[in-house]
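*Asks:* Predicted model and sequence below, questions to follow.
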Amino acid sequence: MTHFILGEGETTIMNSAAPFSANAPANAIEAEPRVIVDAQIHLWLESRPYRPWVPGRNAQLPEPFTYERYLAMREGSGVDRAIIVPPSIEGIRTDYAQEAVNKHPDVFRIMALIDPTRPDLAAAFPRWREQTGVLGIRMACPVEHPEWLLNGTTDWIWPAAEKAGLPIMFLTTGQLHLFDTIAERHPNLPLIIDHLGVSYAALQQGLFDQTIDAAVALAKYPNVSIKLSSLGLFSREVWPWRDLDDTIKRLFDVYGPERCYWGTDVTASIARSEATYRQRVTHFTEELGFFSESDLDWIMGRAILKRLDWQ
């Protein structure tokens, strides 16, 4: 059994995962009935002395959100699978997410966090998907370090991930436009915009409209796609969040069904919205009249399965 260090903890390697291909055939997926995939959830345990949280970081909810809690919430929702993004409160580690994958391999996969200040991790990228349950990279650009995208700190990530065929999910605050150059220079790098491109900090800073404009502009690059997620956090209305209808349609019109992904980021938005998990599904499948059934097949799961090569 081989191991290597990603960050705070040792990560197990397995040999069953196939390498990601941006042009992977969709035949096996297209032959299946609709599969609903939540493109982002967070799972975490309480802070413990042997695996403490990062000092100064706070969880999205006052209590742990375990995979058992998620699975109970999922009952009756119609959701088949979910992508775990380990929360930054626990640092750069994937051990609890991998426990969820090991216990429920038909339900969970992972986008593993990276430390952008560690270019030595590029050497691990060719074998990144051999880690238990890991499909790619998730990179959040911290509000406290906006210079990282400007001073060369993150420059090592894009060519290394492109060469290794690794998709990257990412979130910024007011810096989404900087990915125009990245997407153009690395056309074979799958870039997935989180949450319409809008971080909570961007929302607080009044950057919602500006960020949506930047997300629309990036749609010209075929390697860029977008999560239509965390909607309960952004709406000023109760479910079904009608004030977001035009924004969702605007993004759908430029990205199309094969580059849009339904997701919830449920722990971020649960405190702001009383919508049930099932309602977050039916928001798309029943409340938004501009999607065809074929569109929904893609948006609700087929598109993210294809993009991440999750068979």
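*Replies:* Ah, there it is.

*Asks:* Identify the residues contacting residue 191.
*Replies:* 167, 168, 170, 179, 182, 183, 221, 223, 224, 225 (CB atoms under 8 Å, 6 or more residues apart in numbering). The C-beta positions use only the backbone N, C-alpha and C, and glycine is treated the same way.

*Asks:* For it, what are phi and psi?
*Replies:* Here is the backbone geometry of residue 191 (degrees, to the nearest 10): phi -110, psi 120.

*Asks:* Give me the spatial nearest neighbour of it, chain neighbours excluded.
*Replies:* With CB to CB, 6 or more residues apart in numbering as the criterion, residue 191 has its nearest non-adjacent residue at 4.9 Å, and that residue is residue 224.

*Asks:* give me the number of residues near the one you found?
*Replies:* 22 (other CB atoms under 10 Å).

*Asks:* how far away is it from residue 41?
*Replies:* Here the distance between residue 224 and residue 41 works out to 22 Å (CB to CB, to the nearest Å).

*Asks:* now swap in residue 291 and tell me
*Replies:* Taking CB to CB, one finds residue 291 at 22 Å from residue 41.

*Asks:* Over to residue 151?
*Replies:* Noted for residue 151: a distance of 32 Å to residue 41, by CB to CB.

*Asks:* Comparing the two, which residue is more hemmed in?
*Replies:* Legend: neighbour count by other CB under 10 Å for residue 151 and residue 41, higher for residue 41 (26 against 10).

*Asks:* Give me the buried positions along stretch 203-219.
*Replies:* 203, 207, 208, 210, 211, 212, 214, 215, 216, 218, 219 (16 or more other CB atoms under 10 Å).

*Asks:* can I get those in CSV with distance to residue 72 and secondary structure?
*Replies:* What follows is those, written out as CSV (distance: CB to CB, whole Å; DSSP: H, G, I helix; E, B strand; the rest coil):
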residue, distance to residue 72, secondary structure
203, 29, helix
207, 35, coil
208, 32, helix
210, 38, helix
211, 34, helix
212, 34, helix
214, 37, helix
215, 33, helix
216, 37, helix
218, 37, helix
219, 37, coil
